[in-house]
Every structure is written in C-alpha cells, then in structure tokens.
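In: How does the following fold in three dimensions:
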Amino acid sequence: LNEAVPHFSTVSYNFKHRFNHTTVEHVFRWVLKSAAEEGYLDTEAIFVDGTHIKASANLKKQAGKAVPKQAKRYAKELFEEVNKDREEHGKKPFSEDSGKKPPEERETVVSTTDPESGIFHKGEHKKCFAYEAHTACDKHNFILGVHVTPGNVPDSTAFDPLYDELCQNYPEHKTVVADSAYKTPWICKRIFESGRVLSTCYTRPKTKEKGHPWWAYVYDEYFDDVICPEYHALHYSTTNRDGYREYKSRAYLCKTCPTRGMCTESAKCEKTFLRHIWQEYVEMAEDIRHMAVYRELYRLRKEKIERVFADAKEKHGMRYTQYRGLAQVTNWVKLKFAAMNLKKLATWKWNCRHPAPDGGKRTRLRKKYSCYFDIFPFFGLACTHKTCSGLIATAGFSTSWGPAKAGPQPVEKGHRKVAFFLIGDSRIEGKNAV
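Out: Predicted coordinates for the structure are as follows:
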C-alpha cells in the first residue's frame with residue numbers, strides 16, 4: 001500500500017512487448033488445460049458465434065480504398081468439384097487461368113485511425129468501425145477458442161480458422177451448434193464429412209415478393225431436373241464457376257404459362273433455377289434441425305455462447321476496445337476470455353461444484369471439510385468445528401476474526417446491522433440480533 005503507483009506506460013509497454021501472441025496463447029491454453037484436467041470441460045457439443053467490438057476509431061476519419069478480393073479457402077476444392085460435375089454432364093471443364101488474370105478489386109471504406117478495423121452496420125445498430133470476435137464455447141460456458149477479424153468479415157468466412165483450432169485441440173466434439181449465418185454449403189460439407197453434425201436453425205427463404213414459394217420447385221434426383229409449380233421440367237444447362245448448377249425452362253412453354261409473372265420476368269421467357277453442387281449437405285442440416293435432440297441443443301445456444309458475450313460486455317468491458325491493430329485486439333480479447341475461464345474455474349472449485357454428465361450436483365464447501373455450519377438468520381454462517389474458529393460471513397458481509405469478546409459485535413454493511421455473540425475461542429452459542 002505504501003509503494004508508488006506505477007507509471008501508466010508500464011502496463012502498455014508490457015502488454016505490447018512482453019505479452020505477445022505466443023505468451024497470450026500459452027496462458028489461454030494453460031487455463032483450459034487446467035479446467036480439462038479437473039473434468040470441468042464438456043466438449044461433446046460446441047457452440048459457435050461472433051460478437052462485434054467497437055474499435056478505437058472515429059467514423060468521420062475514413063477514406064475509400066480499393067482492396068483485392070480474398071480468395072476463398074475452399075476455392076481449389078470447389079474448382080475441382082465443378083470440373084468433375086461438368087465432365088459428368090458432358091461439358092468442357094474450365095481452364096485454370098486464375099494466375100493469368102489480376103485479382104479482382106472491390107471498393108471499401110477504411111479508417112485512417114485504425115486501418116485494420118472494418119466498417120460495421122447491421123439493422124438498427126449504429127454504423128461504426130469495429131472488430132468481430134468469432135468465439136466457441138462448450139456446454140459449461142468455457143471459451144474454447146476465439147478468432148478476431150475486422151468487423152466487415154462475414155461469420156461464414158471466419159469459420160475455417162476457428163474450426164481448425166477447435167479440431168486440433170478438441171477432436172472429440174460431435175456437434176457444432178451455430179446460427180443460420182453458418183449454414184452454407186461449404187461449412188455443412190466440411191462438418192458432415194468429418195463425421196460430425198451441424199445443429200442450426202431455420203433460414204428464411206430469399207424468394208421474390210408475390211412469387212412462387214421456394215418449396216414449389218422440386219428437385220428430381222433421378223432425372224436431374226427441377227419440377228416447376230406448373231409441373232414442367234427445368235432441364236440441366238450448365239455448372240458455373242461458383243459451383244451452381246443452372247436448370248432452365250423451355251421458352252415456348254413459359255410463353256403460355258398462366259403464372260409466368262410469379263415465376264420469371266425474363267425477356268426470353270426463360271426461368272433459371274440454381275442449385276449448388278453441395279446442396280445435399282445443406283438439406284442434411286435442414287433435416288437434422290427437426291430432430292428432438294438437436295432442437296434442444298440449439299435452444300441452449302442462447303444460454304451458452306450468448307451468455308458468454310453478455311458477461312464479457314457487461315462485466316468485463318468488452319463492448320469497446322482501446323487498442324488498435326488486429327494483433328493487439330486479439331491479445332486483449334484472449335486475455336479477457338482467459339480471465340473469464342479462470343474465474344469460472346476458481347469459483348467452481350471453491351464451491352466444490354463438479355458437473356456430471358447429467359448436469360451435476362452442487363456440493364458446498366462444508367462437505368469438503370469435515371465441519372458443519374449452523375445457519376442463522378440474516379445470512380450469517382457460524383462454524384462449530386474446533387479447527388475452524390471464528391465466523392464466516394456470506395457474500396456481502398464482513399468477517400470477524402480474532403479473540404472472542406463478550407456481548408454483541410455489530411458488523412455493518414450498507415443499511416443492515418447484524419450482531420453476533422462470540423463466546424469462547426471456537427463456539428457460537430447466541431442468536432443474531434438487530
């Protein structure tokens with residue numbers, strides 16, 4: 001208490017130079033390893049989602065910039081699948097000319113204060129520069145991994161590096177619980193082909209207003225056709241580079257169709273239906289979400305990963321960040337999540353709580369130590385064991401230790417006054433009095 005307050009630059013310089021990525025990752029994994037050794041982790045089901053963190057950047061200090069489009073991680077695998085599908089349908093495969101053409105560019109808004117942050121605007125949220133922490137947790141709300149990206153990176157794009165980390169550290173997981181942002185053909189394919197299950201939710205169809213509903217177009221797997229609402233076949237035409245098969249109708253049939261206005265507005269009177277080559281995996285996820293066990297798992301999502309974000313923002317100040325740069329924000333987020341895991345581990349060990357597969361039973365400290373407590377009014381706890389002399393007060397009350405004194409000893413906390421009678425060195429015989 002008598003030492004001088006350290007200079008503010010001590011913390012910032014240590015955080016910048018001493019607590020680098022390797023150190024922070026070691027601390028984060030060490031806490032999780034300790035929790036796993038105690039048996040507190042339940043990684044059978046993993047909950048995945050992302051939350052935005054407002055960056056330390058002024059929205060008015062921005063500039064337009066042309067940035068190259070990032071290649072998809074699964075681009076090579078998709079290209080091979082597309083060429084294979086085209087060959088099966090008698091089409092000429094695409095040539096690999098990606099190295100000859102310059103990469104495509106897109107216009108974006110970049111902050112001049114923190115160029116590594118990304119513009120974020122969604123629904124009723126205020127437009128701002130932000131980062132996004134893509135996070136995964138287990139059934140007991142222990143954070144298993146996090147991947148930080150700029151705020152304008154979609155959840156489906158940032159899933160791969162996060163899932164690589166989860167598969168490396170927790171290969172025993174069986175189910176991934178995520179919202180509809182992760183229900184893409186590639187993510188569904190990757191999870192189901194690994195022998196695991198994706199538990200997700202309903203996705204609102206993106207059909208045109210006052211048009212035919214999506215379920216009115218039925219795919220015929222045997223003939224590889226699509227049946228329209230008027231019971232005409234849309235035949236296979238081609239497979240494009242994005243991995244979608246194109247099914248087109250016959251113009252002479254659509255010209256006389258009574259519901260053509262609800263189906264297409266093409267000048268050629270031609271309806272084009274797109275179906276991804278990996279659509280079967282999306283349909284598997286759609287079928288699985290109706291199963292009772294996975295429906296119950298998804299209902300737990302709001303109590304698991306959403307609760308982690310709520311605690312991080314309300315109790316640990318993760319709504320805003322004062323650091324700039326992707327590396328610094330990543331270290332800052334991981335240290336916060338490591339502290340949250342350590343706090344949960346310490347609390348559960350102190351309360352002697354060990355969750356069992358059926359949910360576990362809460363065992364208090366008095367069962368660990370062979371002493372018993374007498375519960376008095378006003379939440380006072382008195383220990384009568386000789387080795388536990390004194391008074392243990394519950395949360396919100398101060399603790400009185402030392403030699404016993406005759407008469408009531410008032411202990412004040414806020415507007416309450418609780419008095420205890422201490423007689424002898426280890427026994428409490430009286431009652432609480434106000």
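
In: And what about residue 136, helix, strand or coil?
Out: strand (DSSP: H, G, I helix; E, B strand; the rest coil).

In: what's across from it in the sheet?
Out: Beta bridges link residue 136 to residue 48, residue 145 when assigned by DSSP bridges.

In: what bits of the chain have low per-residue confidence?
Out: Low-confidence segments of the chain, defined by pLDDT under 70: 98-101, 356-434.

In: if you set the cut-off to 50 instead, what comes out?
Out: 99, 358-434 (pLDDT under 50).

In: What segments of it are helices?
Out: Under the criterion DSSP state H, the chain contains helices at 8-13, 21-37, 75-88, 155-169, 185-193, 251-254, 260-263, 279-288, 292-299, 301-314, 326-350, 365-368.

In: tell me the most buried of those?
Out: Highest mean neighbour count among the helices of the chain (mean count of other Cβ atoms under 10 Å): helix 185-193, with a mean of 21. For glycine as for every other residue, the C-beta is placed from the backbone atoms N, C-alpha and C.

In: ok, and the closest non-adjacent residue to the residue nearest the centre of the chain?
Out: Centroid-nearest residue in the chain: residue 49, 2.3 Å away (criterion: Cα atoms, centre = their mean). Excluding its sequence neighbours, the residue lying closest to residue 49 (Cβ to Cβ, 6 or more residues apart in numbering) is residue 305, at 4.6 Å.

In: The one you found against residue 135, yeah?
Out: Yes: counting by Cβ atoms under 8 Å, residue 135 is a contact partner of residue 305 at 6.6 Å.

In: Identify the residue spatially nearest to residue 336, adjacent ones excluded.
Out: On the basis of Cβ to Cβ, 6+ apart, the spatially nearest residue to residue 336 that is not a chain neighbour turns out to be residue 316, at 5.4 Å.

In: give the contact list for that neighbour.
Out: Counting by Cβ atoms under 8 Å, 6 or more residues apart in numbering, residue 316 touches 336, 339-340.

In: try residue 129
Out: Going by Cβ under 8 Å, 6+ apart, residue 129 touches 54-55, 57, 59, 62, 111, 113-114, 117-120, 151.

In: on that earlier part again, need the overlap of contacts for residue 305 and residue 135.
Out: Residues touching both residue 305 and residue 135 (Cβ under 8 Å, 6+ apart) are 48-49.

In: rewinding a little: give the buried subset of the contacts of residue 129 as a PyMOL selection command.
Out: Remark: buried members of these, expressed as a PyMOL selection using 16 or more other Cβ atoms under 10 Å:
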select buried, resi 54+55+57+62+111+113+114+117+118+119+120+151
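
In: Turn the contacts of residue 129 into TSV, columns for distance to residue 290.
Out: Putting those into TSV (distance: Cβ to Cβ, whole Å) gives the following:
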residue	distance to residue 290
54	38
55	40
57	44
59	43
62	45
111	44
113	48
114	44
117	40
118	36
119	37
120	33
151	34
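
In: Tell me which of the contacts of residue 129 fall in strands.
Out: In this view, the contacts of residue 129 that belong to strands under DSSP state E are 54, 62, 111, 118-120.

In: What is the nearest of the residues you listed to residue 88?
Out: Using Cβ to Cβ, residue 118 comes nearest to residue 88 of the ones in strands among the contacts of residue 129, at 40.0 Å.

In: What separation do you get for that closest one and residue 354?
Out: Going from residue 118 to residue 354 by Cβ to Cβ, to the nearest Å gives 42 Å.

In: Check residue 273 too.
Out: Taking Cβ to Cβ as the measure, residue 273 falls 55 Å from residue 354.

In: Could you check which of these two is surrounded by more residues?
Out: Higher neighbour count among residue 273 and residue 354: residue 273, with 19 against 14, using other Cβ atoms under 10 Å.

In: Disregarding residues adjacent in the polypeptide, which is nearest to that one?
Out: In space, and not counting its chain neighbours, residue 273 is closest to residue 247: 4.3 Å by Cβ to Cβ, 6+ apart.

In: residues touching the one you found, list them.
Out: Contact analysis of residue 247 by Cβ under 8 Å, 6+ apart lists 225-226, 234-237, 272-275.

In: what about 10 Å?
Out: Residue 247 is in contact with 217, 219, 224-226, 228, 233-238, 271-275, counting by Cβ atoms under 10 Å, 6 or more residues apart in numbering.

In: Likewise for residue 94?
Out: Going by Cβ under 10 Å, 6+ apart, residue 94 touches 79, 82-83, 86, 239-241.

In: Surely residue 320 touches residue 54?
Out: Yes: using Cβ atoms under 10 Å, residue 320 makes contact with residue 54 at a distance of 4.7 Å.

In: Find residues that contact each of the two.
Out: Shared contacts of residue 320 and residue 54 (Cβ under 10 Å, 6+ apart): 128, 130.

In: Report the buried members of the contacts of residue 247.
Out: Buried members of the contacts of residue 247, scored by 16+ other Cβ under 10 Å, are 217, 219, 225-226, 228, 234, 236-237, 271, 273, 275.

In: Would you reformat the helices of the chain as JSON lines and include distance to residue 68?
Out: Listed next are the helices of the chain as JSON lines, based on distance: least, Cβ to Cβ, whole Å:
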{"stretch": "helix 8-13", "distance to residue 68": "34"}
{"stretch": "helix 21-37", "distance to residue 68": "25"}
{"stretch": "helix 75-88", "distance to residue 68": "14"}
{"stretch": "helix 155-169", "distance to residue 68": "15"}
{"stretch": "helix 185-193", "distance to residue 68": "21"}
{"stretch": "helix 251-254", "distance to residue 68": "40"}
{"stretch": "helix 260-263", "distance to residue 68": "38"}
{"stretch": "helix 279-288", "distance to residue 68": "29"}
{"stretch": "helix 292-299", "distance to residue 68": "37"}
{"stretch": "helix 301-314", "distance to residue 68": "32"}
{"stretch": "helix 326-350", "distance to residue 68": "18"}
{"stretch": "helix 365-368", "distance to residue 68": "59"}
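
In: what's the burial count for residue 15?
Out: When neighbours are defined as other Cβ under 10 Å, residue 15 has 16 of them.

In: From residue 23, how far out is it?
Out: 10 Å.

In: who's in contact with the spatially closest residue to residue 55 that is not a sequence neighbour?
Out: Nearest residue to residue 55, sequence neighbours excluded (Cβ to Cβ, 6+ apart): residue 117, at 3.8 Å. Contacts here follow Cβ under 10 Å, 6+ apart; on that basis residue 117 touches 53-57, 110-111, 128-132, 150-152, 321, 324-326, 329.

In: and if we set it to 8 Å?
Out: Residues near residue 117 by Cβ under 8 Å, 6+ apart: 55, 57, 111, 129-131, 150-151, 324.

In: Greatest separation within these: which pair is it?
Out: The largest separation in these, counting by Cβ to Cβ, is between 151 and 324 at 13.6 Å.
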